[in-house]
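S.K.: Build me a model:
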Amino acid sequence: MAEKKRKIFSVKIAPQECKGCSRCVNACPKSVLKIQENINQMGYFFATYTGDGCVGCGACFYNCPEPGAVTIYEKSEE
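M.R.: Numbers count the residues shown, from 1 in each chain. Next up, the predicted model:
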């Protein structure tokens with residue numbers, strides 16, 4: 001019987017598209033997003049992925065009001 005492989009996901013936030021509304025941060029069930037202490041070119045504190053733990057649920061993507069600001073990638077399978 002073959003072992004089921006675990007999928008690994010990553011979130012990419014486009015800093016220049018993000019307005020720092022925190023909707024993605026609040027929606028994330030794994031708390032893997034945070035608001036940066038730096039500002040983008042538009043003067044907003046922007047969201048970023050902490051680098052580990054995304055389950056690919058899409059909550060951040062569906063809660064973001066800015067088209068193209070959040071992208072979820074399936075990185076690989078273990």
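
S.K.: ok now stretch 28-41, how far from the chain's centre?
M.R.: 8 Å (CA atoms, centre = their mean, to the nearest Å).

S.K.: tell me the mean pLDDT for it?
M.R.: For stretch 28-41, the mean pLDDT works out to 96.

S.K.: before we move on, what about stretch 11-25?
M.R.: On average, stretch 11-25 scores 96.

S.K.: Outside of that stretch itself, list whatever touches it.
M.R.: Contact partners of stretch 11-25, identified using CB atoms under 8 Å, 6 or more residues apart in numbering, comprise 32-36, 40-42, 44-49, 54, 59-61, 63-73. For every residue, glycine as well, the C-beta is placed using N, CA and C.

S.K.: hmm, try it at 10 Å
M.R.: 28, 31-36, 38-51, 53-54, 56, 58-73 (CB atoms under 10 Å, 6 or more residues apart in numbering).

S.K.: Give me the nearest residue to the residue nearest to the spatial centre of the chain, chain neighbours excluded.
M.R.: Centroid-nearest residue in the chain, with CA atoms, centre = their mean: V11, separated by 3.8 Å. Distances taken as CB to CB, 6 or more residues apart in numbering place Y49 nearest to V11, at 4.3 Å, with adjacent residues excluded.

S.K.: Can you tell me how far the one you found is from K5?
M.R.: Distance, Y49 to K5, by CB to CB, to the nearest Å: 22 Å.
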